[in-house]
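Colleague: I would like to see how this sequence folds:
(one chain, ligands or ions: 1)
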Amino acid sequence: MPAHKIVISDDLKTDLERFLSDFKHDRLFVLADTNTREKCYPLLQDIPRLQSGRLITIPPGDSHKNPEQLSAIWQILSDEGASRNSLLINIGGGMITDLGGFAGATFKRGIHTLNIPTTLMASVDAAVGGKTGVNFNGLKNEIGAFHAPACVFIDCRFLRTLDRDNILSGYAEMIKHALISSGEVYANVLSLDLDKPMDSGILNAMVAQSVAIKERIVEEDPHEKGIRKALNLGHTIGHAIESLSFKGATPLLHGHAVAIGIVCELYLSYKQCGFPSDRLTQVVHYIKEYYPPFFFHCKAYDYLYERMTHDKKNEGGVISFTLLSGIGEIRINQSVSKERIFDSLDFYRESFGI
Ligand code: GLY
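Modeller: Alright, predicted model coming up:
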């Protein structure tokens, strides 16, 4: 998978117009959900080359990142004569860039895609790095492929209208990137007061810094054979918590589940790899300050454990964690006893007064 270009754009229309005139393609398709169709697409629709494209609109929400919507997209690509030289532009959050990315990866064994993320989560994580996929059998991104977009255009103007929950969701991935990078980035990310309105200059710089961390790792290991597993910090337990939340009345946004996963997996890092206790306390304090507690009972532990056994990093049926022995000191392929995993869930619940 070749490295893809990531552009932090201050003038998306001009940048996209230039890209479309330089990038050779026959047909153009644009995928949006009903929200991004209404709120984001209008900012771009008077680009003449975009007007000649076929707009595909699907319902919003992660529950629609499924084989049925995928099939509906394939159908349109097929009916409208898409070829391997066609370009599919995905405008939206992670649900759109994952689903559109996978449609692009699989149609005729791969057409060109371009991502325009419109959420913080997609800007710093989902739209970047070439992971694509759909949910299946109650499991997140169970079916998918690595397929690098030709380009990712990040325009932080889209982030100004995001609600607090969506900002927090994306920020959890920025905390993760900080933890796996350096003390300097860590201090920077944990010093931001998320209750204050975000200064757009600061947000732009922080997004650029966060994306650069991911970009470096993906360049080194695009297919997640080794160091890319670092990007899964917080996700082994986070994905299990996310699945649990979908069974109840309060489904969590991905990043909120990842924040819980980070708390649990830093506890495991402390117990197993010598991660400093004062750093653990700092991160727990920061997450507790901004992220609402998620209530679950110890009766859910077996379900959570069963979900973790489906994690894509596992080998030979053993749950494999990414842990840290310090900020930026990554330990991949860590196996942890079931008892200790349960202790980490106890730790979260006790820390959050559940
Ligand atoms: N979201 C983790 C990765 O892209 O590898």
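
Colleague: relative to the ligand, how far out is Leu16?
Modeller: 24 Å (CB to the nearest ligand atom, to the nearest Å). All C-beta atoms are positioned from the backbone trio N, CA, C, and that covers glycine.

Colleague: in what helix or strand does that residue lie?
Modeller: helix 12-22 (DSSP states H and E).

Colleague: what of Leu88?
Modeller: strand 87-92.

Colleague: next one: Asp346
Modeller: Going by DSSP H and E, Asp346 is in helix 338-351.

Colleague: what does that helix contact?
Modeller: 237, 260, 263-265, 267-268, 271-272, 284, 288, 296, 298, 301, 304-305, 308, 319, 354 (CB atoms under 8 Å, 6 or more residues apart in numbering).

Colleague: list the buried residues in it.
Modeller: By neighbour count with 16 or more other CB atoms under 10 Å, helix 338-351 contains the buried residues Ile341, Ser344, Leu345, Phe347, Tyr348, Arg349, Ser351.

Colleague: how about stretch 25-35?
Modeller: Applying 16+ other CB under 10 Å to stretch 25-35 flags His25, Arg27, Leu28, Phe29, Val30, Leu31, Ala32, Asp33, Asn35 as buried.

Colleague: could these be laid out in JSON lines, adding pLDDT?
Modeller: Listed next are those as JSON lines, based on pLDDT from 0 to 100:
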{"residue": "His25", "pLDDT": "97"}
{"residue": "Arg27", "pLDDT": "97"}
{"residue": "Leu28", "pLDDT": "98"}
{"residue": "Phe29", "pLDDT": "98"}
{"residue": "Val30", "pLDDT": "98"}
{"residue": "Leu31", "pLDDT": "98"}
{"residue": "Ala32", "pLDDT": "98"}
{"residue": "Asp33", "pLDDT": "98"}
{"residue": "Asn35", "pLDDT": "96"}
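
Colleague: and the gap between Ala105 and the ligand?
Modeller: Distance from Ala105 to the ligand, by CB to the nearest ligand atom: 14 Å.

Colleague: tell me the pLDDT of the residue nearest the centre of the chain.
Modeller: In the chain, the residue lying closest to the centroid (CA atoms, centre = their mean) is Ala126, at 3.5 Å. On the pLDDT scale, Ala126 is placed at 97.

Colleague: any idea how far it lies from Asp163?
Modeller: 18 Å (CB to CB, to the nearest Å).

Colleague: residue boundaries of the strands in this structure?
Modeller: 5-8, 28-33, 54-58, 87-92, 112-117, 131-136, 139-146, 151-154, 321-326, 329-334 (DSSP state E).
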